[in-house]
Every structure is written in structure tokens, then in C-alpha cells.
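**Q** Model the following, please.
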Amino acid sequence: MTHVVTQEQIEFYQKNGFVKVDNILSQEEVAELAEAMEEVMVDRSQLSIATDVSTGAYYKVLNQKVNVWRDHGIMAKYSLHNRIAQAAKELSGASGIRLFHDHALWKMPHDSKPTPWHQDLPYWPMNEPGALSAWITVDDVDERNGCMMFIPGSHKVGKLSGIDLVNPQNIFDYVSGTELENAKPVVVPLKKGSCTFHHGQTFHYAHSNQSDRPRRVLAIIYMPDGTTYNGKNHIATDGLGLEVNDKIRAGTLPLLAK
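**A** Coordinates of the predicted model:
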């Protein structure tokens, strides 16, 4: 298979814990995905899960639905997209890449809150590091409507405690006295159809949305094939009958690239 990302991008990701990939989707694909996201965010199926109601505190941080691919064929087309999964495999260096879950992320306009600095891995029931997220925008994003920032190299500090995204702690307190304490964040605006990939331990933050429209993103979380279960509850693994240290695999966690 033709490589999706360049060697320069792979090296940048390995060093910094994130990378920008322009035009991961064509403009025709972006239009199709945007239409599907509009449909799935108002759908009331029980397969995907909304993480808060419109009056909730978390909703002002993120209006989010998890596992939207299980409700909608077009969403599945993109959440299971071979080219995006192949990029994740190349960046991570894994021998194979599995889907963990997707989520549609809308940051609502006007009164939204920033997504505070955090790592993702503490929320995932995985023993090993290596999982990563693709963050694909169907809108142009910048600091005004909710683009992301990253701390280069922060994925190398290990897994810290999870941050409460509604009443956040200061993640930089965990790295007091290290070079990350005063690290300068990198702001990553994106054109629609472009994306970032970031490691599950990379410190990242999203600005609030001060525009008049939702900021719409499809995030896809991938894990290296062979990642094992740490026993914690999670939407993606609850009910699968996994025991601690079992390999995380199931029909709902498909192998997408090998």
C-alpha cells in the first residue's frame, strides 16, 4: 500500500506526540461526512451514546456522541476508513491498528467552554501506551472557534491522572520542576478535511467556540493491535467479557490496518 504520511511526518509525530496532516479527506468526502454528522447528532438510536444533555455542564465543553459509526453507514465509512487507519499505523509504528471508538465532537457556539489541558490515555482502559487519536474537522478551525493546542514532547512523561473536564485541575502541576512546566503550546489551526493525530499521552487543549456555528469534528481513537485491558470501565469495552490483561479485541473493535 502507498504510504499515507511522509517519513518527515512520522519522525515529527514520534518526537512531538502530534502531527498535522492536511487534506486527509477530499472536499467531496468532507461534504458527505458533514451531512452524515448532522443526521447522527440528532438521531436517537441506542447504539451510539451521548455523554451529556443540552442543559449539562459537560455539554458546554463538548456536545459528544460515542460510537456513531454503529448507527450510520456513512459515519462507519469514515470511522473505519482504511486510509486514515493506515496513517495511524504508520505514525505509531504499530504492526496493526484497531478501532477503539469514534466520537462526534461538536463544540457549541457562543457560551461554550474551552476543553482544558489533559491527556486521553487515563480515560482509556489500556495497560500499554501507544493509542492515538485522529481529529478530523469538517469546518475550518482556528482559535476563535475551537482549534487545538499541543505541548510538544509531553507524551514522553507517561500517563498522569485524569483531569475533570468540567472542573479541571492544572495538569502542569503534575510536571512541576520539569521542562514541561513552562513549555510553549503549539496552536494548530486546520482547514476542513485536514486533521491532527495525537498520542494518548500528549497534553492537548481546545479553545472555546466564539463563532455562530458549531465546530464539528470526527475523532477516531485507534489502538495498536495487542493492546491489553486494565480492567477499568469504559463504553467501548463494557459488556465484552474481558478479563484484566486480555487483549482488547472484539467485533466492535475491528482491525483496520495491518
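**Q** Which residue is the nearest non-sequential neighbour of Gly231?
**A** Spatial nearest neighbour of Gly231, chain neighbours left out: Val244 (4.2 Å); criterion: CB to CB, 6 or more residues apart in numbering. For glycine as for every other residue, the C-beta is placed from the backbone atoms N, C-alpha and C.
**Q** Next, give phi and psi for Asp142.
**A** phi -150, psi -170 (degrees, to the nearest 10).
**Q** what's the answer for Gly73, then?
**A** With angles defined as degrees, to the nearest 10, Gly73 sits at phi -60, psi -40.
**Q** Then Glu32?
**A** Torsion angles, degrees, to the nearest 10, at Glu32: phi -70, psi -40.
**Q** Tell me the secondary structure of the nearest residue to Ala236 once chain neighbours are set aside, please.
**A** Distance criterion CB to CB, 6+ apart; nearest residue to Ala236, sequence neighbours excluded, is His101 at 4.3 Å. Three-state assignment for His101 (DSSP: H, G, I helix; E, B strand; the rest coil): strand.
**Q** so His101 bridges to which residues?
**A** Counting by DSSP bridges, His101 forms beta bridges with Ile221.
**Q** one step back: now the residue nearest to Gly231: phi and psi?
**A** Main-chain dihedrals, Val244, degrees, to the nearest 10: phi -50, psi 130.
**Q** Start the count at 52 instead of 1 going forward.
**A** Understood, numbering begins at 52; the last thing we discussed is Val295.
**Q** mind checking how far the residue nearest to Ala287 is from Val238?
**A** Using CB to CB, to the nearest Å, His152 is found at 27 Å from Val238.
**Q** who's more crowded, those two?
**A** Per other CB atoms under 10 Å, whichever of His152 and Val238 has more neighbours is His152, with 24 against 12.
**Q** just checking, the more buried one touches Asn118?
**A** Yes - using CB atoms under 8 Å, His152 makes contact with Asn118 at a distance of 5.4 Å.
**Q** any residues in contact with both of the two?
**A** Ile286, Ala287 (CB atoms under 8 Å, 6 or more residues apart in numbering).
**Q** about what we covered before: list the contacts for the residue nearest to Gly282?
**A** Contacts for Val295 were tallied using CB under 8 Å, 6+ apart; they are Tyr280, Asn281, Gly282.
**Q** List buried residues within these.
**A** Among the contacts of Val295, those scoring as buried are Tyr280, Asn281 (criterion: 16 or more other CB atoms under 10 Å).
**Q** so can I have TSV of the contacts of Val295 showing pLDDT, secondary structure and distance to Asp289?
**A** Formatted as TSV, the contacts of Val295 follow (pLDDT from 0 to 100; DSSP: H, G, I helix; E, B strand; the rest coil; distance: CB to CB, whole Å):
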residue	pLDDT	secondary structure	distance to Asp289
Tyr280	98	strand	11
Asn281	97	coil	13
Gly282	97	coil	11
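**Q** Quick check: of the contacts of Val295, which lies closest to His250?
**A** Asn281 (17.6 Å; CB to CB).
**Q** Name the residues of stretch 295-309 that come out as buried.
**A** Across stretch 295-309, burial judged by 16+ other CB under 10 Å covers Ile299, Arg300, Thr303, Leu304, Leu307, Ala308.
**Q** Those residues into JSON lines, with extra columns for secondary structure, pLDDT and distance to Ala127?
**A** Output for the buried residues of stretch 295-309, formatted as JSON lines (DSSP: H, G, I helix; E, B strand; the rest coil; pLDDT from 0 to 100; distance: CB to CB, whole Å):
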{"residue": "Ile299", "secondary structure": "coil", "pLDDT": "98", "distance to Ala127": "20"}
{"residue": "Arg300", "secondary structure": "coil", "pLDDT": "97", "distance to Ala127": "18"}
{"residue": "Thr303", "secondary structure": "coil", "pLDDT": "96", "distance to Ala127": "12"}
{"residue": "Leu304", "secondary structure": "strand", "pLDDT": "98", "distance to Ala127": "14"}
{"residue": "Leu307", "secondary structure": "strand", "pLDDT": "98", "distance to Ala127": "11"}
{"residue": "Ala308", "secondary structure": "strand", "pLDDT": "97", "distance to Ala127": "16"}
